Every structure is written in structure tokens, then in C-alpha cells.
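fold the stuff below for me.
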Amino acid sequence: MIIGIDPGGTKPHALAIYKPGDLVKMFKSSDMIEIEESIKVADKVFIESQYFGGNPSTVIKLAHATGMLMGLCELILVPYEMVYPTTWMSTFVITTRRPKELSAYKWKKKHYQDIIDKAAEVSEITVADEDYGAAILIGLYGVNNDR
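This is a model prediction of the structure:
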């Protein structure tokens, strides 16, 4: 079982669970006990490594959230791998650089929609938001690149 996680600093973590290669469950949670119940039976967990730029408050929250997930994996002896956003996004041909003609707001909106659309395409399900989309794609990256 492979799990992809999009850590949430100010919102719940998004998880996508794959058994053998098929997406079987998605959920969001901030409850580390609930997350542990899923992670403890995983063969490997793929966690998005965070880009720490911008708002210092957001940076601290994301670092804390990511560290808690890493610590949980260490504590329960489940292997994990950190995956840079540019790595999993380039795998699915999602552009990571803002075109000069788009404002930051329009770029963010388009970028999130690209993540949702690609996740829907590869999973053949309706994807509710970019957090689920990212978790789906991080997990699928893990399924395809587990070493």
C-alpha cells in the first residue's frame, strides 16, 4: 500500500491511498491518530516536501505539519520519502512557473485547476479540490517511482 500526502499547515492534510496501484481511498484529516491508522499499514508514504517561501507564519505552520507527518512515520517505522512539488508536477506535465502575462492570482487559480484536472484524468474520478488533487498525484508518483 502506497500513501500520498499533501500536508496542510492551516487546513487538514489530504491523503490518497493506493492498493496495488489503484486509488482506493481519499480523505482529509488533522487528527494524527486517524492518520496513523492509515499510515501504519502502508508499505511506503510519499509526503510533499514544502517550498518555504513567502509568509513566515505559513512557513512555520507547513514546517510543523510536515515534521509531524515525518515524525509519525519514524515513530511507527513506516518508510517515507519526501517529494518536491516540482518533481511530482513535472512527472504529470504540470507547469510550475508563472507565465509573465498572468497575475499571481490568476496563475494560482489556473495552477490549482491544472492539478485538479490532471488528478481527475489519471484517477478517472471527480476531484473536489487541489489538496485532493495533489495527494492523488503524489501517491501515483509514489506508485510509479517506489524504489
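
quick one: the strands in this protein?
Here the chain has its strands, by DSSP state E, at 2-6, 13-19, 22-29, 44-48, 80-83.

quick one: which of the ones you listed is nearest Glu74?
strand 80-83 (8.0 Å; CB to CB). Yep, even glycine has a C-beta here, placed from its N, CA and C like the rest.

picking that back up, single out the most deeply packed of the strands of the chain.
Of all the strands of the chain, strand 2-6 carries the top mean neighbour count, a mean of 26, counting by mean count of other CB atoms under 10 Å.

what's opposite the closest residue to Pro79 other than its chain neighbours in the beta bridge?
Spatial nearest neighbour of Pro79, excluding adjacent residues (CB to CB, 6 or more residues apart in numbering): Lys44 at 4.8 Å. Note on Lys44: beta-bridge partners by DSSP bridges are Ile2.

give the contact list for Lys44.
Counting by CB atoms under 8 Å, 6 or more residues apart in numbering, Lys44 makes contact with 2-3, 78-81, 142, 146.

let me know the outermost residue of the chain.
Distance from the centre of the chain peaks at Glu101, with 27.8 Å (CA atoms, centre = their mean).

ok, that one - contacts?
Contacts of Glu101 by CB under 8 Å, 6+ apart: none found.

quick one: contacts of stretch 113-126?
The contact list for stretch 113-126, computed with CB under 8 Å, 6+ apart, reads 23, 89, 92-95, 127, 129-130, 132-134, 136-137, 140.
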